[in-house]
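[1] Okay, sequence plus prediction incoming.
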Amino acid sequence: MRALTVTLLPILAATAVLAAPPVEQVVLEDLSRVTHEWKHAADGIIRGGQKQAAKWVEGGREFVQQHGLTYELVSHPAFDAHQLRMTEPSLCDSSVKQVSGYLDIADDKHLFFWFFEARHNPADAPLVLWLNGGPGCSSTTGLLFELGPCMIAAQGKNVTHNPHSWTESANVIFLDQPVNVGYSYADGDTSVSTSPVAAEDVWAFLELFLARFPKYSKLPFHIAAESYGGMYAPSIASVVHNKNLALARDADQLAPGLLHINLASVIIGNGITDPYTQMASVPDAACEGEFPVFSDPNSPECQAMRTKVPTCQRLIKSCYDFDSKFTCVPALLYCNSQLMGPVVQSGKNIYDVRRDCDRSKDGDLCYKELQWIETWMNLPSTKKELGVNPDIDFQSCNMQVNQAFALQGDGARNRAKLLPELIHSGIRLLIYAGDADMACNYIGNERWLEQLDTKFRDEFSKTTKQPWVTLNKGDLSGWVRSAGGDGYTAGNVTYVQVHAAGHMVPFDQPDASLDLLTRWLADVPLALNVSQ
C-alpha cells in the first residue's frame with residue numbers, strides 16, 4: 001500500500017523544492033549572549049511532576065529555553081493559538097541573514113521554517129514563500145535539491161554553494177507544512193488532511209513573521225509552489241487575499257496589529273491544480289509528448305489509457321460538483337491507477353521520463369539525493385544549528401500525511417476555481433512546467449490555464465508559444481504564452497514550457513529557472529529575445 005500511494009499520487013518530494021539590514025529591523029538578539037540568562041529564570045520549576053520551559057524577557061523580547069536550545073518567542077494579539085519560536089542559524093549560506101524555527105499552533109502542532117535573506121539588496125528584493133508538494137514532502141528538499149542557497153552533496157555529509165539559488169533575486173521562506181512534514185511535528189495524533197485547513201495556518205505564520213520583521217511587509221510577496229503545491233498555493237493565496245479584503249473593510253473586525261500582505265503573484269511549477277483537465281492529458285503526454293513514455297502512440301498501453309479518460313473525468317466532475325470525500329476519493333483512486341499506473345509500471349522515472357528508475361538504488365521517488373538530504377538533516381549538528389529538537393527525525397516525505405490527504409480525496413478537488421478572483425484583483429499567475437515530467441505533465445498544465453475562466457481567457461487562447469531565451473547565457477530554454485501587459489510586462493496569466501526539464505525545473509535547468517524567477521519578479525517580458 002505504501003508503494004502504491006507513493007507512485008500513484010502526483011507528488012514530488014524530491015523537488016521539491018536569503019547583506020545585512022538595519023539592526024533594529026531584522027537582526028535577532030545575539031542568542032549566544034542571552035543563553036545564560038535562562039539560569040536566572042524559572043529553570044527547574046516543577047509543575048505536575050514535569051519540568052517547565054524557562055522563559056524570560058530581555059531587550060523587550062521574550063525568550064525560552066527548550067531542549068537545551070534558546071529561542072526567541074513571537075506572539076500576536078490576533079493569534080491566541082499561534083506563536084513563532086525562532087533561532088538564527090548560519091548553515092548553508094553564512095553570508096546572509098537567516099532565521100529558522102517553528103510556528104507553534106495550539107501547543108500541539110509545530111511547523112518548521114527556514115528563511116534566507118536575498119544575497120543582493122535584501123531591503124528591496126521581493127519576498128517569496130516556497131512550498132514543496134507531496135502532500136507530505138518537506139520544502140527543505142526543495143531548498144537542498146533545487147533552489148536554495150546550498151545543494152546537498154557527498155552522500156549527505158556536506159552541502160555546496162548554489163550559484164543559481166533563488167536567493168540571488170529574492171528573500172525566501174521555506175516552510176514545512178502541513179504538520180508532520182520534514183522537521184514539522186505534532187504532539188499526539190494531531191494531523192491536517194486538506195489544503196484549505198493548511199492554508200489558514202500559513203496565513204497565521206505570515207502575519208507573525210511580518211509583524212516581527214516589518215521591513216518585509218512592505219515588499220511584494222509571491223507564493224511559489226511545486227507539484228502538490230498546485231493545490232496548496234491557490235488555497236493559501238485565496239486565504240491571504242480574503243483576509244486582506246476583510247482587513248480593508250474593517251480592521252477592527254479581525255484584530256489590531258494585522259498587516260496587509262502585499263500578495264503580488266502565484267507561481268506554480270509542475271503542479272496539480274485542475275485534475276479534471278490534467279488527468280485527461282496523461283495519455284497525450286505519455287504517448288505523444290516531447291518525451292513520450294511509449295514510443296508508439298498506437299501501442300496497446302496508449303489505446304487502453306485513452307479509453308479510461310471518460311470515466312476518470314466523469315468521476316472527477318462528480319468530485320467537483322459535490323466536493324465530498326465520498327466522491328473525490330474514488331475519483332482519485334481510479335484516475336491514478338488507470339492513467340498514472342501504466343506510466344509507473346513502464347519503469348521510467350515519472351518525474352523525468354528521460355531516466356529509468358531503479359527504486360532499489362534510487363529510493364521510492366527515484367532520486368538518491370533525497371536520502372542524502374535525510375542524512376544531513378538528521379546530523380545532530382544540523383538540528384542544533386536550526387533549533388530542532390534532537391529527538392525529531394527528519395523525513396523528506398511522510399507517507400502517512402500523503403495517505404491522510406488521499407483519504408480525503410483532496411488531490412481530486414478543483415483548486416483552479418480559486419484563481420480567477422485573485423487574477424481579477426491584479427494578482428498575477430505564472431504556471432511553468434518541465435516537458436520531461438509525467439507526474440504533472442506540461443500539456444495538462446497548459447490546457448487548464450487556457451481554459452481558466454478569467455477576463456484574459458480570450459486573449460490567452462489566441463496566443464502562440466514564443467521562444468524564451470535566457471538573458472545570462474542566451475540559451476533557448478522553452479516557450480512562453482502570456483496574456484495581459486501588452487507585451488511590456490511578464491503578463492497577468494503566463495505559461496512557460498521549460499524544455500528538457502523534469503518535475504524539478506530548478507534542479508534540471510538551474511540557470512533557466514533563476515532567469516525565469518528573476519524576470520517574473522521584475523515583471524519584465526519573458527519572451528524578450530536578447531538579440532532584440
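    It's in. Residues are numbered from 1 along each chain as shown.

[2] what about the helices in the stretch 151-300 of the chain?
    For the stretch 151-300 of the chain, the helices defined by DSSP state H, counting those that start in this stretch cover 195-212, 229-249, 251-254, 275-280, 282-288, 300-322.

[3] What average pLDDT does the fourth one get?
    It stands for helix 275-280. Averaging pLDDT along helix 275-280 gives 98.

[4] Find the one among the helices of the stretch 151-300 of the chain with the highest mean neighbour count.
    Between the helices of the stretch 151-300 of the chain, helix 275-280 has the highest mean count of neighbours, a mean of 25, where neighbours are mean count of other CB atoms under 10 Å. C-beta coordinates here come from the backbone N, C-alpha and C atoms, glycine included.

[5] so what's residue 124 up against?
    For residue 124, the contacting residues are residue 219, by CB atoms under 8 Å, 6 or more residues apart in numbering.

[6] which SS state does it fall under?
    The three-state assignment at residue 124 reads coil, by DSSP: H, G, I helix; E, B strand; the rest coil.

[7] and it, how far is that from residue 115?
    17 Å (CB to CB, to the nearest Å).

[8] got the helices of the stretch 151-300 of the chain as CSV, with distance to residue 62 columns?
    Output for these, formatted as CSV (distance: least, CB to CB, whole Å):
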stretch, distance to residue 62
helix 195-212, 11
helix 229-249, 25
helix 251-254, 23
helix 275-280, 45
helix 282-288, 52
helix 300-322, 46
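
[9] wait, which of those is closest to residue 372?
    For the helices of the stretch 151-300 of the chain, proximity to residue 372 was assessed by CB to CB; helix 229-249 is nearest, at 22.3 Å.

[10] if we can go back for a sec, least reliable of the helices of the stretch 151-300 of the chain by average pLDDT, please.
    helix 251-254 has the lowest average pLDDT among the helices of the stretch 151-300 of the chain, namely a mean of 66.

[11] Residue 57 looks like it's in a helix, true?
    No. Going by three-state DSSP, the assignment for residue 57 is strand, not a helix.

[12] who are the neighbours in contact with it?
    residue 63.

[13] Return the distance of it relative to residue 72.
    11 Å.

[14] check which helix or strand covers residue 520.
    helix 510-522 (DSSP states H and E).

[15] Name the residues that touch that helix?
    Residues outside helix 510-522 that contact it (CB under 8 Å, 6+ apart): 126, 128, 146-147, 162, 164-166, 168-170, 220, 222, 224, 265, 267, 430, 432, 468, 470-473, 475, 477-478, 490, 494, 496, 498, 501, 505-506, 525-526, 528.

[16] among the helices and strands of this protein, which has the poorest mean pLDDT?
    Of all helical and strand segments in the chain, the minimum by mean pLDDT, DSSP states H and E falls on strand 46-47, at a mean of 27.

[17] where does the stretch 401-532 of the chain have low pLDDT?
    By pLDDT under 70, the weakly predicted segments of the stretch 401-532 of the chain are 528-532.

[18] the helices in it, which residues?
    Going by DSSP H, counting those that start in this stretch, the stretch 401-532 of the chain shows helices at 419-424, 442-451, 457-461, 505-508, 510-522.

[19] okay if I get those helices as TSV plus mean neighbour count and distance to residue 175?
    Conversion of the helices of the stretch 401-532 of the chain to TSV gives the following (neighbours: other CB atoms under 10 Å; distance: least, CB to CB, whole Å):
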stretch	mean neighbour count	distance to residue 175
helix 419-424	19	20
helix 442-451	23	23
helix 457-461	15	30
helix 505-508	26	17
helix 510-522	21	18
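
[20] what's the closest of those helices to residue 152?
    With CB to CB as the criterion, residue 152 lies closest to helix 505-508 of these, at 10.8 Å.

[21] on that earlier part again, now the helices of the stretch 401-532 of the chain as a markdown table including distance to residue 354?
    Listed next are the helices of the stretch 401-532 of the chain as a markdown table, based on distance: least, CB to CB, whole Å:
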| stretch | distance to residue 354 |
| --- | --- |
| helix 419-424 | 31 |
| helix 442-451 | 14 |
| helix 457-461 | 29 |
| helix 505-508 | 9 |
| helix 510-522 | 16 |
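
[22] do you know which of these lies nearest residue 91?
    Of the helices of the stretch 401-532 of the chain, the one closest to residue 91 (CB to CB) turns out to be helix 505-508, at 19.5 Å.

[23] Around residue 328, count how many other residues there are.
    Residue 328 sits with 26 neighbouring residues when counted by other CB atoms under 10 Å.

[24] Repeat that for the one 3 residues further on.
    Other residues within reach of residue 331 by the criterion other CB under 10 Å amount to 26.

[25] now residue 479
    By the criterion of other CB under 10 Å, residue 479 has 20 neighbours.

[26] Quick check: bridge partners of it?
    Beta bridges link residue 479 to residue 467, residue 497, judged by DSSP bridges.

[27] how near is it to residue 56?
    58 Å.

[28] Need the residues touching each of residue 57 and residue 72.
    Listed contacts common to residue 57 and residue 72 are residue 63; contacts here mean CB under 8 Å, 6+ apart.

[29] give the contact list for residue 409.
    319, 324, 325, 327, 328, 329, 330, 331, 332.

[30] Between all of those, which two are separated the most?
    324 and 332 (12.3 Å).

[31] between those two, who's got more neighbours?
    For residue 324 and residue 332, the more surrounded residue by other CB under 10 Å is residue 332, and the numbers stand at 28 against 13.

[32] Contacts made by the strand or helix carrying that one with the rest, please.
    Using DSSP H and E, residue 332 falls within helix 325-335. For helix 325-335, the surrounding residues in contact (CB under 8 Å, 6+ apart) are 8-9, 275, 279, 308, 311-312, 315-316, 318-319, 321, 406-413.

[33] buried stuff in that helix?
    Buried residues in helix 325-335, counted by 16 or more other CB atoms under 10 Å: 325, 327, 328, 329, 330, 331, 332, 333, 334, 335.

[34] can you give me how far it is from the chain middle?
    In terms of CA atoms, centre = their mean, to the nearest Å, the centre of helix 325-335 is found 24 Å from the chain centre.

[35] That helix versus helix 300-322: what angle between them?
    Here the directions of helix 325-335 and helix 300-322 differ by 170 degrees (axes from the mean of the first three to the mean of the last three CA atoms, to 10 degrees).
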